[in-house]
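Undergrad: Structure, please.
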Amino acid sequence: MTGRIEWCSKDTFLLADWVIAEAERHLVSLYKRAKFKQAHARTIDLATELNKTDVYR
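TA: So this is what the prediction gives:
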């Protein structure tokens, strides 16, 4: 390998673009899922705290 990319075909570049796009999509999905779980846990914590007070009852 000489470090030159002349040997790569157009299909190889298209495949690489697709792989990168899929990886980015997957990472965004993981990030959104983690944020949802974090927000859900925070909501449960707040509800638990409210249940401990007389104001909520």
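Undergrad: The host helix or strand of Ala21: how far from the chain's middle?
TA: Following DSSP states H and E, the helix or strand that holds Ala21 is helix 10-52. Computed by CA atoms, centre = their mean, to the nearest Å, the chain-centroid distance of helix 10-52 equals 3 Å.
Undergrad: quick one: average confidence on that helix?
TA: For helix 10-52, mean pLDDT rounds to 89.
Undergrad: With just CA atoms, put stretch 34-48 into CSV.
TA: Below are the C-alpha coordinates for stretch 34-48, written out as CSV (Å, rounded to 0.1, in the frame of the first residue of the first chain):
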residue,chain,number,x,y,z
ALA,A,34,-29.2,7.3,26.7
LYS,A,35,-30.7,10.7,27.0
PHE,A,36,-34.2,9.2,27.2
LYS,A,37,-33.1,6.8,29.9
GLN,A,38,-31.4,9.6,31.8
ALA,A,39,-34.6,11.8,31.6
HIS,A,40,-36.8,8.9,32.6
ALA,A,41,-34.6,8.1,35.7
ARG,A,42,-34.7,11.8,36.6
THR,A,43,-38.5,11.8,36.3
ILE,A,44,-38.8,8.7,38.6
ASP,A,45,-36.5,10.4,41.1
LEU,A,46,-38.7,13.6,41.1
ALA,A,47,-41.8,11.5,41.5
THR,A,48,-40.3,9.6,44.4
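Undergrad: Go through it and flag the buried ones.
TA: Across stretch 34-48, burial judged by 16 or more other CB atoms under 10 Å covers no residue at all. In this view, the C-beta of every residue, glycine as well, is placed from N, C-alpha and C.
Undergrad: going forward can the numbers begin at 750, since that is how I track them
TA: Got it, first residue is 750 now, which makes that one stretch 783-797.
Undergrad: what sits against Leu779?
TA: Contact partners of Leu779, counting by CB atoms under 8 Å, 6 or more residues apart in numbering, are absent.
Undergrad: ok, it to Thr802 distance?
TA: 36 Å (CB to CB, to the nearest Å).
Undergrad: next one: Val777
TA: 38 Å.
Undergrad: what's the answer for His775, then?
TA: 42 Å.
Undergrad: One more: Ile793?
TA: The value you get for Ile793 to Thr802, if CB to CB is used, is 16 Å.
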